[in-house]
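Undergrad: Let me see the structure of the following:
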Amino acid sequence: MLDRHLPVRCQWVQGNPVLAHYHDHEWGVPEPEGRALWEKLMLDGFQAGLSWLTVLNKREAFREAFEGFDPERVACFTERDVERLLGNAGIIRSRAKIEATIGNARAFLHMQDQGEDFATFCWSMVEHRPIQNSPPVPAQTPLSAAFSKALKARGFKFAGPTIVYAWMQATGMVNDHAHDCHRRQTVAAMGQVPLISRP
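TA: Okay, here's the model as predicted:
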C-alpha cells in the first residue's frame, strides 16, 4: 500500500536512500560557484557508462584523491599521480577519465588566466537563469550540444552533450524535476533571481 506520508520524488530515485538524499538536497539546486560547477562536471565525466549511484557512493573518496577538486592542485598532477589514482580502489580507475580530469583542471585555469570566469561562462549558456523544462526528459538537447562544443573548444574532455546535459540538470541550469515531484516548485523558486549577473 502506498504511504501517503512519503513525498513524491522523481522516478529515477527508485526508493534508494542515497539517491533520495541527493535528490532532496542537491539535484537541480542552482550552483553559482565555479569550482563546485567544475567538480560536478568532473564527476559526471567519471559516471560515463556507469550509474550515478556508483559515483555518489565514491564521491568522498574522489574528493580526497583529487585534493578536494581544487583545479590549481589537480592541474599540477603528474604521471606519478595518475599511477597513484589508478591504484586507488575507492574511485573509478579509468586512465582516460583521470587524465581528462587533470587536463580539464588546466583548461579551467586557462580560462581563468584569459579572464573568463567559469561560472559566468556556464550560466551565460542559459542566459543566467535556470531553464524550467517539461517532460519527457531528454538525454541531450541542442543547447547541451552547443555547450559541449564550447567546452571542448576550451580544452575540456569527457564533456559530450549527454554528460553536459546530466551536469546541467544536477547543477540547476535546467530544472528537470517531475511536475508532481515535491522539489519541483522549490527548485523553480531558487531560479527566479539570476545567480550570475550578466557581464
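
Undergrad: Would you mark the buried spots in stretch 41-50?
TA: Buried residues in stretch 41-50, counted by 16 or more other Cβ atoms under 10 Å: 41-48. (C-beta placed from N, C-alpha, C; glycine too.)

Undergrad: try stretch 136-147
TA: Going by neighbour count (16+ other Cβ under 10 Å), the buried part of stretch 136-147 is 137, 140-141, 143-144, 147.

Undergrad: quick one: which of those sit in helices?
TA: The helices, defined by DSSP state H, take in 143-144, 147 from the buried residues of stretch 136-147.

Undergrad: Please enumerate the helices of the protein.
TA: Using DSSP H, helices in the chain cover 17-25, 34-47, 52-65, 71-74, 79-86, 95-113, 118-124, 142-153, 161-170, 184-190.

Undergrad: May I see the ones you listed organised as JSON lines, with mean pLDDT and distance to Pro7 added?
TA: Listed next are these as JSON lines, based on pLDDT from 0 to 100; distance: least, Cβ to Cβ, whole Å:
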{"stretch": "helix 17-25", "mean pLDDT": "97", "distance to Pro7": "8"}
{"stretch": "helix 34-47", "mean pLDDT": "97", "distance to Pro7": "24"}
{"stretch": "helix 52-65", "mean pLDDT": "98", "distance to Pro7": "19"}
{"stretch": "helix 71-74", "mean pLDDT": "98", "distance to Pro7": "36"}
{"stretch": "helix 79-86", "mean pLDDT": "98", "distance to Pro7": "38"}
{"stretch": "helix 95-113", "mean pLDDT": "98", "distance to Pro7": "34"}
{"stretch": "helix 118-124", "mean pLDDT": "96", "distance to Pro7": "29"}
{"stretch": "helix 142-153", "mean pLDDT": "98", "distance to Pro7": "28"}
{"stretch": "helix 161-170", "mean pLDDT": "97", "distance to Pro7": "19"}
{"stretch": "helix 184-190", "mean pLDDT": "94", "distance to Pro7": "11"}
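
Undergrad: Columns distance to His177 on top of the ones you listed, output as TSV?
TA: TSV is the format used below for the helices of the chain (distance: least, Cβ to Cβ, whole Å):
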stretch	distance to His177
helix 17-25	8
helix 34-47	17
helix 52-65	15
helix 71-74	29
helix 79-86	34
helix 95-113	28
helix 118-124	19
helix 142-153	18
helix 161-170	9
helix 184-190	4
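
Undergrad: right, and these - which one's nearest Ala178?
TA: Closest approach to Ala178 among the helices of the chain (Cβ to Cβ): helix 184-190, 6.6 Å.

Undergrad: Keeping just the C-alphas, turn the closest one into CSV.
TA: Extracted in CSV, the C-alpha atoms of helix 184-190 (Å, rounded to 0.1, in the frame of the first residue of the first chain):
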residue,chain,number,x,y,z
ARG,A,184,10.0,21.0,-8.5
GLN,A,185,8.5,24.2,-7.2
THR,A,186,11.1,24.7,-4.5
VAL,A,187,13.9,24.5,-7.1
ALA,A,188,12.0,26.7,-9.5
ALA,A,189,11.7,29.4,-6.9
MET,A,190,15.5,29.3,-6.5
